[in-house]
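give the three-dimensional model of this entry:
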Amino acid sequence: MAIVVQKRDYSITGPESKRAQEKGLATAEWYTSPIPRAKMKELMKRRNGPAIRDTIIWFGGLAILGYLAYLSWGTWWAIPAFLAYGILYATPGDSRWHECGHGTAFKTPWMNEVVYQIASFMVLRSATPWRWSHARHHTDTIIVGRDPEIITERPPIWRILLMQIFHLYGGPVEIKRFILHTFGKLESQEKEYIPESQHSKTFWEARVYMLIILAIIGACMYAGSILPAMFIFLPSFYGGIVVITFGITQHLGLYEDVLDHRLNSRTIYMNRLCRFLYWNMNYHVEHHMFPMVPYHALAKLHAEMKDDCPAARPGLWAALKEVITALRKQKHDPAHVVVKPLPSTARPYMYGIEHNMNIKVEG
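Here you go, the predicted model:
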(Lines give C-alpha, C1' and ligand atoms only; values in the text may rest on other atoms or scores of the structure.)
Protein backbone atom coordinates (compact mmCIF):
# COMPACT_ATOMS: atom_id res chain seq x y z
CA MET A 1 0.00 0.00 0.00
CA ALA A 2 1.38 3.40 -0.97
CA ILE A 3 2.28 5.87 1.75
CA VAL A 4 1.19 9.51 1.71
CA VAL A 5 3.94 11.66 0.22
CA GLN A 6 4.05 15.36 0.97
CA LYS A 7 4.77 17.89 -1.78
CA ARG A 8 8.52 18.35 -2.13
CA ASP A 9 10.62 21.41 -2.93
CA TYR A 10 12.22 20.76 -6.33
CA SER A 11 14.41 23.87 -6.34
CA ILE A 12 18.13 23.27 -6.01
CA THR A 13 18.45 25.95 -3.34
CA GLY A 14 15.86 24.43 -0.98
CA PRO A 15 15.99 21.85 1.85
CA GLU A 16 15.85 18.85 -0.50
CA SER A 17 19.39 19.60 -1.65
CA LYS A 18 20.70 19.17 1.89
CA ARG A 19 18.64 16.01 2.36
CA ALA A 20 20.08 14.51 -0.84
CA GLN A 21 23.60 15.18 0.40
CA GLU A 22 22.82 13.69 3.82
CA LYS A 23 21.45 10.55 2.15
CA GLY A 24 24.57 10.14 0.03
CA LEU A 25 22.69 10.78 -3.22
CA ALA A 26 24.64 13.88 -4.30
CA THR A 27 27.64 13.30 -6.59
CA ALA A 28 27.33 9.62 -5.75
CA GLU A 29 28.63 6.53 -7.51
CA TRP A 30 26.12 5.26 -10.06
CA TYR A 31 25.46 1.76 -11.26
CA THR A 32 27.03 0.85 -14.61
CA SER A 33 26.46 -2.21 -16.74
CA PRO A 34 29.49 -4.47 -17.20
CA ILE A 35 31.05 -3.85 -20.61
CA PRO A 36 34.52 -5.10 -21.58
CA ARG A 37 37.14 -2.37 -21.44
CA ALA A 38 38.23 -2.90 -25.07
CA LYS A 39 34.64 -2.68 -26.30
CA MET A 40 34.00 0.52 -24.33
CA LYS A 41 37.18 2.06 -25.71
CA GLU A 42 35.96 1.28 -29.22
CA LEU A 43 32.50 2.73 -28.54
CA MET A 44 33.94 5.96 -27.15
CA LYS A 45 35.93 6.78 -30.29
CA ARG A 46 34.93 10.17 -31.68
CA ARG A 47 34.54 10.86 -35.40
CA ASN A 48 33.86 13.95 -37.45
CA GLY A 49 32.20 12.21 -40.38
CA PRO A 50 28.74 11.34 -39.00
CA ALA A 51 28.20 14.74 -37.38
CA ILE A 52 29.42 16.68 -40.44
CA ARG A 53 27.06 14.66 -42.65
CA ASP A 54 24.12 15.18 -40.31
CA THR A 55 24.84 18.89 -39.91
CA ILE A 56 24.92 19.39 -43.69
CA ILE A 57 21.62 17.50 -44.01
CA TRP A 58 20.11 19.56 -41.18
CA PHE A 59 21.05 22.98 -42.51
CA GLY A 60 20.36 21.89 -46.10
CA GLY A 61 16.89 20.79 -45.02
CA LEU A 62 16.35 24.12 -43.25
CA ALA A 63 17.34 25.99 -46.40
CA ILE A 64 14.89 24.00 -48.55
CA LEU A 65 12.00 24.17 -46.10
CA GLY A 66 12.77 27.82 -45.38
CA TYR A 67 12.57 28.67 -49.08
CA LEU A 68 9.26 26.80 -49.45
CA ALA A 69 7.93 28.57 -46.36
CA TYR A 70 9.00 31.93 -47.78
CA LEU A 71 7.16 31.20 -51.03
CA SER A 72 4.04 30.22 -49.09
CA TRP A 73 3.96 33.38 -46.95
CA GLY A 74 0.58 35.04 -47.16
CA THR A 75 -1.26 31.82 -48.04
CA TRP A 76 -2.75 29.00 -45.97
CA TRP A 77 0.14 26.82 -47.13
CA ALA A 78 2.36 28.85 -44.80
CA ILE A 79 0.95 26.98 -41.79
CA PRO A 80 2.24 23.48 -42.71
CA ALA A 81 5.35 24.95 -44.37
CA PHE A 82 6.44 26.91 -41.31
CA LEU A 83 5.44 24.08 -38.99
CA ALA A 84 7.79 21.75 -40.87
CA TYR A 85 10.52 24.41 -40.84
CA GLY A 86 10.00 25.06 -37.12
CA ILE A 87 10.18 21.39 -36.19
CA LEU A 88 13.39 20.96 -38.19
CA TYR A 89 14.76 24.13 -36.58
CA ALA A 90 13.92 23.36 -32.95
CA THR A 91 14.14 19.56 -32.65
CA PRO A 92 17.66 19.02 -34.04
CA GLY A 93 18.57 22.34 -32.40
CA ASP A 94 17.77 20.72 -29.06
CA SER A 95 19.57 17.44 -29.75
CA ARG A 96 22.61 19.13 -31.35
CA TRP A 97 22.81 21.51 -28.38
CA HIS A 98 22.80 18.48 -26.14
CA GLU A 99 25.36 16.27 -27.87
CA CYS A 100 27.75 19.08 -28.79
CA GLY A 101 27.54 20.26 -25.19
CA HIS A 102 28.95 16.89 -24.20
CA GLY A 103 31.75 17.46 -26.70
CA THR A 104 31.22 14.05 -28.31
CA ALA A 105 29.39 14.78 -31.57
CA PHE A 106 32.54 15.76 -33.47
CA LYS A 107 36.10 14.63 -32.90
CA THR A 108 37.38 18.19 -33.48
CA PRO A 109 36.64 20.34 -30.39
CA TRP A 110 36.00 23.62 -32.21
CA MET A 111 33.34 21.96 -34.36
CA ASN A 112 31.48 20.90 -31.23
CA GLU A 113 31.76 24.42 -29.83
CA VAL A 114 30.54 26.18 -33.00
CA VAL A 115 27.48 23.95 -33.39
CA TYR A 116 26.85 24.13 -29.63
CA GLN A 117 26.80 27.92 -29.65
CA ILE A 118 24.55 28.10 -32.73
CA ALA A 119 22.15 25.45 -31.40
CA SER A 120 22.07 27.09 -27.95
CA PHE A 121 20.75 30.31 -29.45
CA MET A 122 18.33 28.45 -31.71
CA VAL A 123 16.66 26.76 -28.72
CA LEU A 124 17.06 29.88 -26.53
CA ARG A 125 19.39 28.39 -23.95
CA SER A 126 22.28 30.32 -22.46
CA ALA A 127 25.24 28.27 -23.68
CA THR A 128 27.57 28.35 -20.68
CA PRO A 129 24.92 28.13 -17.91
CA TRP A 130 23.23 25.22 -19.65
CA ARG A 131 26.53 23.42 -20.12
CA TRP A 132 26.95 23.43 -16.34
CA SER A 133 23.27 22.78 -15.67
CA HIS A 134 23.46 19.70 -17.84
CA ALA A 135 26.64 18.54 -16.13
CA ARG A 136 24.72 18.66 -12.84
CA HIS A 137 21.83 16.79 -14.49
CA HIS A 138 24.21 13.95 -15.32
CA THR A 139 25.94 13.99 -11.95
CA ASP A 140 22.67 13.94 -9.98
CA THR A 141 20.10 12.66 -12.46
CA ILE A 142 16.53 13.16 -11.15
CA ILE A 143 17.79 13.66 -7.60
CA VAL A 144 15.28 16.09 -6.09
CA GLY A 145 16.99 19.26 -4.88
CA ARG A 146 20.07 18.60 -7.00
CA ASP A 147 18.98 18.18 -10.62
CA PRO A 148 17.99 21.55 -12.19
CA GLU A 149 16.54 19.87 -15.30
CA ILE A 150 13.61 17.93 -13.86
CA ILE A 151 10.79 18.79 -16.28
CA THR A 152 7.99 18.68 -13.74
CA GLU A 153 7.60 17.78 -10.11
CA ARG A 154 5.19 15.37 -8.46
CA PRO A 155 2.25 15.75 -8.58
CA PRO A 156 2.84 16.93 -12.16
CA ILE A 157 2.15 20.53 -13.09
CA TRP A 158 0.18 20.02 -16.30
CA ARG A 159 0.12 23.74 -17.03
CA ILE A 160 3.89 23.73 -17.52
CA LEU A 161 3.84 20.65 -19.74
CA LEU A 162 1.09 22.09 -21.94
CA MET A 163 2.78 25.49 -22.15
CA GLN A 164 5.97 23.80 -23.30
CA ILE A 165 4.25 22.56 -26.46
CA PHE A 166 4.91 26.10 -27.68
CA HIS A 167 7.89 26.74 -25.37
CA LEU A 168 5.79 29.29 -23.51
CA TYR A 169 7.17 28.34 -20.10
CA GLY A 170 10.87 27.71 -20.73
CA GLY A 171 11.21 30.34 -23.47
CA PRO A 172 10.25 33.38 -21.35
CA VAL A 173 12.34 32.03 -18.46
CA GLU A 174 15.39 31.91 -20.71
CA ILE A 175 14.77 35.37 -22.16
CA LYS A 176 14.58 36.70 -18.61
CA ARG A 177 17.93 35.03 -17.93
CA PHE A 178 19.41 36.59 -21.08
CA ILE A 179 18.42 40.00 -19.75
CA LEU A 180 19.82 39.29 -16.26
CA HIS A 181 23.07 37.99 -17.74
CA THR A 182 23.35 40.98 -20.05
CA PHE A 183 23.47 43.19 -16.96
CA GLY A 184 25.98 40.91 -15.23
CA LYS A 185 23.59 39.10 -12.88
CA LEU A 186 22.79 35.44 -12.23
CA GLU A 187 19.76 33.72 -10.77
CA SER A 188 20.37 32.29 -7.29
CA GLN A 189 20.13 28.70 -8.51
CA GLU A 190 22.64 29.35 -11.31
CA LYS A 191 25.21 30.29 -8.67
CA GLU A 192 24.89 26.73 -7.36
CA TYR A 193 26.34 25.09 -10.48
CA ILE A 194 28.09 27.73 -12.64
CA PRO A 195 31.73 28.18 -11.55
CA GLU A 196 32.73 31.76 -10.85
CA SER A 197 35.37 31.50 -13.58
CA GLN A 198 32.53 31.08 -16.12
CA HIS A 199 30.46 34.09 -15.07
CA SER A 200 32.12 36.56 -17.43
CA LYS A 201 31.67 34.21 -20.39
CA THR A 202 28.01 33.79 -19.45
CA PHE A 203 27.46 37.55 -19.48
CA TRP A 204 29.16 38.13 -22.84
CA GLU A 205 27.26 35.28 -24.50
CA ALA A 206 23.99 36.82 -23.30
CA ARG A 207 24.97 40.21 -24.72
CA VAL A 208 25.60 38.61 -28.11
CA TYR A 209 22.24 36.83 -27.92
CA MET A 210 20.45 40.07 -27.07
CA LEU A 211 22.14 41.85 -29.97
CA ILE A 212 20.91 39.13 -32.34
CA ILE A 213 17.39 39.36 -30.92
CA LEU A 214 17.42 43.16 -31.26
CA ALA A 215 18.67 42.81 -34.85
CA ILE A 216 15.77 40.46 -35.62
CA ILE A 217 13.31 42.92 -34.10
CA GLY A 218 14.89 45.68 -36.16
CA ALA A 219 14.60 43.59 -39.33
CA CYS A 220 10.91 43.00 -38.61
CA MET A 221 10.31 46.71 -38.08
CA TYR A 222 12.17 47.58 -41.29
CA ALA A 223 10.24 44.98 -43.29
CA GLY A 224 6.93 45.83 -41.63
CA SER A 225 6.43 42.10 -41.09
CA ILE A 226 7.23 39.34 -38.58
CA LEU A 227 8.63 37.25 -41.43
CA PRO A 228 12.32 37.65 -40.39
CA ALA A 229 11.45 36.39 -36.88
CA MET A 230 9.59 33.43 -38.39
CA PHE A 231 12.95 32.11 -39.59
CA ILE A 232 15.07 32.99 -36.55
CA PHE A 233 13.83 33.14 -32.94
CA LEU A 234 10.11 32.33 -33.30
CA PRO A 235 10.69 28.72 -34.51
CA SER A 236 11.83 27.97 -30.94
CA PHE A 237 8.20 28.54 -29.98
CA TYR A 238 6.02 27.37 -32.84
CA GLY A 239 8.31 24.41 -33.64
CA GLY A 240 8.64 23.05 -30.10
CA ILE A 241 6.03 20.30 -30.12
CA VAL A 242 8.44 17.48 -30.99
CA VAL A 243 11.04 18.76 -28.51
CA ILE A 244 8.65 18.41 -25.57
CA THR A 245 7.24 15.15 -26.96
CA PHE A 246 10.70 13.60 -26.94
CA GLY A 247 11.67 15.32 -23.70
CA ILE A 248 8.88 13.97 -21.51
CA THR A 249 9.76 10.39 -22.44
CA GLN A 250 13.28 10.61 -21.01
CA HIS A 251 12.59 10.42 -17.28
CA LEU A 252 8.98 11.23 -16.37
CA GLY A 253 6.96 8.56 -14.58
CA LEU A 254 10.12 6.83 -13.37
CA TYR A 255 12.02 6.84 -10.10
CA GLU A 256 13.48 9.85 -8.32
CA ASP A 257 16.39 9.64 -5.86
CA VAL A 258 17.97 6.41 -7.07
CA LEU A 259 21.47 5.61 -8.30
CA ASP A 260 20.59 3.39 -11.25
CA HIS A 261 19.76 4.90 -14.63
CA ARG A 262 17.80 1.78 -15.51
CA LEU A 263 15.26 3.01 -12.95
CA ASN A 264 15.08 6.70 -13.84
CA SER A 265 15.67 6.78 -17.61
CA ARG A 266 13.79 5.28 -20.54
CA THR A 267 15.11 3.75 -23.77
CA ILE A 268 12.75 3.73 -26.75
CA TYR A 269 12.99 2.21 -30.22
CA MET A 270 12.34 4.88 -32.85
CA ASN A 271 12.25 5.08 -36.62
CA ARG A 272 15.14 6.51 -38.62
CA LEU A 273 13.63 9.99 -39.03
CA CYS A 274 13.03 10.39 -35.30
CA ARG A 275 16.53 9.13 -34.54
CA PHE A 276 17.96 11.75 -36.92
CA LEU A 277 15.96 14.54 -35.32
CA TYR A 278 16.76 13.28 -31.82
CA TRP A 279 20.36 12.24 -32.56
CA ASN A 280 19.81 8.83 -30.98
CA MET A 281 18.86 10.22 -27.56
CA ASN A 282 16.07 7.63 -27.59
CA TYR A 283 18.83 5.38 -26.20
CA HIS A 284 18.54 7.34 -22.99
CA VAL A 285 19.52 4.75 -20.40
CA GLU A 286 22.65 4.11 -22.43
CA HIS A 287 23.45 7.80 -22.77
CA HIS A 288 23.11 8.49 -19.06
CA MET A 289 25.07 5.45 -18.01
CA PHE A 290 27.92 6.19 -20.44
CA PRO A 291 27.61 9.88 -21.48
CA MET A 292 30.97 9.97 -23.24
CA VAL A 293 29.84 7.52 -25.93
CA PRO A 294 29.03 9.56 -29.10
CA TYR A 295 25.48 9.60 -30.44
CA HIS A 296 26.43 7.56 -33.52
CA ALA A 297 27.59 4.64 -31.32
CA LEU A 298 24.58 4.50 -28.99
CA ALA A 299 22.80 1.78 -30.96
CA LYS A 300 25.90 -0.42 -30.63
CA LEU A 301 26.11 0.44 -26.93
CA HIS A 302 22.47 -0.58 -26.56
CA ALA A 303 23.27 -3.97 -28.08
CA GLU A 304 26.04 -4.44 -25.52
CA MET A 305 23.83 -3.41 -22.58
CA LYS A 306 20.40 -4.82 -23.35
CA ASP A 307 20.91 -8.06 -21.42
CA ASP A 308 21.43 -5.95 -18.30
CA CYS A 309 18.51 -3.55 -18.85
CA PRO A 310 14.72 -3.66 -18.98
CA ALA A 311 13.33 -4.08 -22.47
CA ALA A 312 13.26 -0.90 -24.53
CA ARG A 313 9.82 0.60 -25.06
CA PRO A 314 8.66 -0.59 -28.50
CA GLY A 315 7.95 2.87 -29.91
CA LEU A 316 7.33 6.53 -29.18
CA TRP A 317 3.56 6.15 -28.79
CA ALA A 318 4.00 3.30 -26.30
CA ALA A 319 6.40 5.45 -24.29
CA LEU A 320 4.03 8.45 -24.37
CA LYS A 321 1.13 6.30 -23.22
CA GLU A 322 3.24 5.00 -20.35
CA VAL A 323 4.32 8.53 -19.35
CA ILE A 324 0.87 10.10 -19.51
CA THR A 325 -0.70 7.19 -17.60
CA ALA A 326 1.95 7.48 -14.89
CA LEU A 327 1.57 11.26 -14.63
CA ARG A 328 -2.20 10.95 -14.27
CA LYS A 329 -1.72 8.47 -11.43
CA GLN A 330 0.89 10.69 -9.80
CA LYS A 331 -1.68 13.50 -9.60
CA HIS A 332 -3.39 11.52 -6.82
CA ASP A 333 -0.47 9.32 -5.76
CA PRO A 334 2.89 11.14 -6.14
CA ALA A 335 4.73 7.99 -5.06
CA HIS A 336 3.58 6.06 -8.12
CA VAL A 337 6.39 5.00 -10.49
CA VAL A 338 6.83 2.66 -13.43
CA VAL A 339 9.35 -0.15 -13.05
CA LYS A 340 9.96 -2.67 -15.82
CA PRO A 341 11.21 -6.19 -15.03
CA LEU A 342 14.84 -6.99 -15.73
CA PRO A 343 15.88 -9.97 -17.87
CA SER A 344 17.26 -12.99 -16.04
CA THR A 345 20.75 -12.05 -17.28
CA ALA A 346 20.70 -8.64 -15.57
CA ARG A 347 22.18 -7.61 -12.26
CA PRO A 348 19.63 -6.36 -9.69
CA TYR A 349 18.46 -2.75 -9.62
CA MET A 350 20.52 -0.42 -7.43
CA TYR A 351 18.08 1.82 -5.59
CA GLY A 352 20.52 3.94 -3.62
CA ILE A 353 21.72 4.56 -0.10
CA GLU A 354 18.23 5.02 1.33
CA HIS A 355 15.05 4.00 -0.41
CA ASN A 356 11.44 3.83 0.63
CA MET A 357 10.32 0.32 -0.26
CA ASN A 358 6.65 1.30 0.20
CA ILE A 359 6.63 3.28 -3.05
CA LYS A 360 3.87 2.06 -5.34
CA VAL A 361 5.13 0.70 -8.65
CA GLU A 362 3.63 -0.36 -11.92
CA GLY A 363 5.16 -3.23 -13.86
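
list phi and psi for residue 283.
With angles defined as degrees, to the nearest 10, residue 283 sits at phi -90, psi 70.

give the contact list for it.
Residue 283 sits next to 267, 298, 299, 301, 302 when contact means CB atoms under 8 Å, 6 or more residues apart in numbering. Glycine gets a C-beta too; all of them are placed from N, C-alpha and C.

so, low pLDDT: which residues of the stretch 201-350 of the chain?
Counting by pLDDT under 70, the stretch 201-350 of the chain contains no low-confidence residues.

before we move on, which element is the residue nearest to the spatial centre of the chain in?
Closest residue to the average C-alpha location of the chain: residue 247 at 5.8 Å, with CA atoms, centre = their mean. Counting by DSSP states H and E, the element that carries residue 247 is helix 241-251.

and that helix, what other elements does it pack with?
Packing partners of helix 241-251 (3 or more CB pairs under 8 Å, 6 or more residues apart in numbering; DSSP states H and E): helix 78-102, helix 272-278, helix 284-289, helix 316-332.

off-centre distance for the first one?
In terms of CA atoms, centre = their mean, to the nearest Å, the centre of helix 78-102 is set 13 Å apart from its chain centre.

who are the packing partners of it?
On a contact count with 3+ CB pairs under 8 Å, 6+ apart, helix 78-102 meets helix 49-72, helix 109-122, helix 127-139, helix 235-238, helix 241-251, helix 272-278.

how far off helix 109-122 does it point, in degrees?
If you take axes from the mean of the first three to the mean of the last three CA atoms, to 10 degrees, helix 78-102 sits at 140 degrees to helix 109-122.

now helix 78-102: buried residues?
Across helix 78-102, burial judged by 16 or more other CB atoms under 10 Å covers 78, 81-102.

equivalent analysis for the last one, please.
Residues of helix 316-332 classed as buried under the neighbour-count rule (16+ other CB under 10 Å) are 316, 319, 320, 322, 323, 326, 327, 329, 330.

could you do the third one as well?
The neighbour-count check on helix 284-289 (16+ other CB under 10 Å) flags 284, 285, 286, 287, 288, 289 as buried.

picking that back up, does the residue nearest to the centre of the chain touch residue 151 like I think?
Yes. Using CB atoms under 8 Å, residue 247 is in contact with residue 151, at 6.3 Å.

shared neighbours of those two, anything?
Residues touching both residue 247 and residue 151 comprise residue 164, with contact defined as CB under 8 Å, 6+ apart.

wait, which of the helices and strands packed on helix 78-102 is closest to residue 199?
Ranking the helices and strands packed on helix 78-102 by proximity to residue 199 (CB to CB) places helix 127-139 first, at 8.7 Å.

so which of the helices and strands packed on helix 241-251 is nearest residue 227?
Closest approach to residue 227 among those (CB to CB): helix 78-102, 9.7 Å.
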